[in-house]
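Chemist: okay, predicted coordinates and the sequence, questions at the end:
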Amino acid sequence: MTYANRTFAVVVTLLVGCGFPLGPMYDPNEHDPWMIRTDFTDDEKWSAVCEQVSAPQRDSIVGIDFYAYVHFKDDQQFADLAPTELIHALPDDYPGFFCFAVDATTLSDEEHPILVIGFSPNSVNAADYERTPQQTPPSDIQTLRAVPSTIQAIQNNLSIANMDFEDFTRAADSDGVFRGFPE
């Protein structure tokens with residue numbers, strides 16, 4: 001899907017309030033956030049998490065499937081990095097201000113809660129939005145855990161600035177894991 005087609009689809013999404021399925025033929029593009037593997041102890045669990053994130057999530061109200069549009073990054077350069085280190089290891093042209101990490105907690109917990117890392121500037125200064133990930137101060141880095149079935153909601157909404165990182169942290173359960181919004 002070209003950038004123009006995807007932009008059109010996002011506009012349609014905003015106008016009619018629903019997502020659009022791209023299905024198994026979807027090819028990630030340079031605008032998609034990354035799902036980064038930081039734990040390399042269990043290839044099977046990594047694959048299972050990737051499959052769960054890639055699975056369509058049906059909206060029970062409108063009956064439409066939603067998908068998470070992410071790049072899966074399976075690269076040893078990210079092994080065992082903490083959130084700040086991970087953000088500072090991203091390339092200068094990284095798309096956006098959030099990413100996902102599949103770390104030791106993700107692979108060891110039966111719910112596979114993925115670490116969501118937001119690093120949007122905590123500022124109204126337009127110049128701060130031009131900074132590279134390496135220039136992100138630790139004070140601007142936020143984290144949240146989310147079960148794989150909710151990654152599409154987070155990615156879809158943060159990518160189009162429909163919601164803020166705080167909307168998801170406020171909706172997280174008392175253990176800090178986002179499991180979805182109450183119906």
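Modeler: Arrived safely.

Chemist: helices along the chain, start to end?
Modeler: Using DSSP state H, the helices found in the chain span residues 3-16, 43-54, 83-89, 104-108, 151-159, 165-171.

Chemist: just name the most buried of the ones you listed.
Modeler: helix 151-159 (a mean of 21; mean count of other Cβ atoms under 10 Å). To be clear about C-beta, it is placed using only N, CA and C from the backbone, and glycine gets the same treatment.

Chemist: what is the least confident helix or strand in the protein?
Modeler: None of the helices or strands of the chain scores lower by mean pLDDT, DSSP states H and E than helix 3-16, at a mean of 38.

Chemist: need the contact list for Gln57.
Modeler: Residues in contact with Gln57, defined by Cβ atoms under 8 Å, 6 or more residues apart in numbering, are 65-68, 149-150, 152-153.

Chemist: go again with 6 Å.
Modeler: Counting by Cβ atoms under 6 Å, 6 or more residues apart in numbering, Gln57 makes contact with 66, 149, 152.

Chemist: repeat that for Pro133.
Modeler: 87, 90, 94.

Chemist: let's see that with 8 Å instead.
Modeler: By Cβ under 8 Å, 6+ apart, the residues touching Pro133 are 87-92, 94, 119.

Chemist: need those residues in CSV with pLDDT and distance to Asp164, can you?
Modeler: Formatted as CSV, the contacts of Pro133 follow (pLDDT from 0 to 100; distance: Cβ to Cβ, whole Å):
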residue, pLDDT, distance to Asp164
Ile87, 98, 18
His88, 98, 23
Ala89, 98, 24
Leu90, 98, 20
Pro91, 97, 24
Asp92, 96, 24
Tyr94, 96, 19
Phe119, 97, 13
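
Chemist: out of the contacts of Gln57, the closest to Phe40 would be?
Modeler: Within these, the smallest distance to Phe40 is 23.9 Å, found for Ser149 (Cβ to Cβ).

Chemist: could you find the closest non-adjacent residue to that closest one?
Modeler: Residue nearest to Ser149 in three dimensions, not counting chain neighbours: Gln57, with 5.7 Å by Cβ to Cβ, 6 or more residues apart in numbering.

Chemist: do Phe165 as well
Modeler: Excluding the flanking residues, the one nearest Phe165 by Cβ to Cβ, 6+ apart is Gly118, at 3.9 Å.

Chemist: got it, and Met163?
Modeler: Asn157 (4.0 Å).

Chemist: and if you look at Pro148?
Modeler: With Cβ to Cβ, 6+ apart as the criterion, Pro148 has its nearest non-adjacent residue at 3.6 Å, and that residue is Gln52.

Chemist: next up, the contacts around the one you found.
Modeler: Going by Cβ under 8 Å, 6+ apart, the list of residues near Gln52 reads 112, 148-149.

Chemist: closest one of the residues you listed to Asn29?
Modeler: Checking the contacts of Gln52 against Asn29 with Cβ to Cβ, the nearest one is Pro148 at 21.3 Å.
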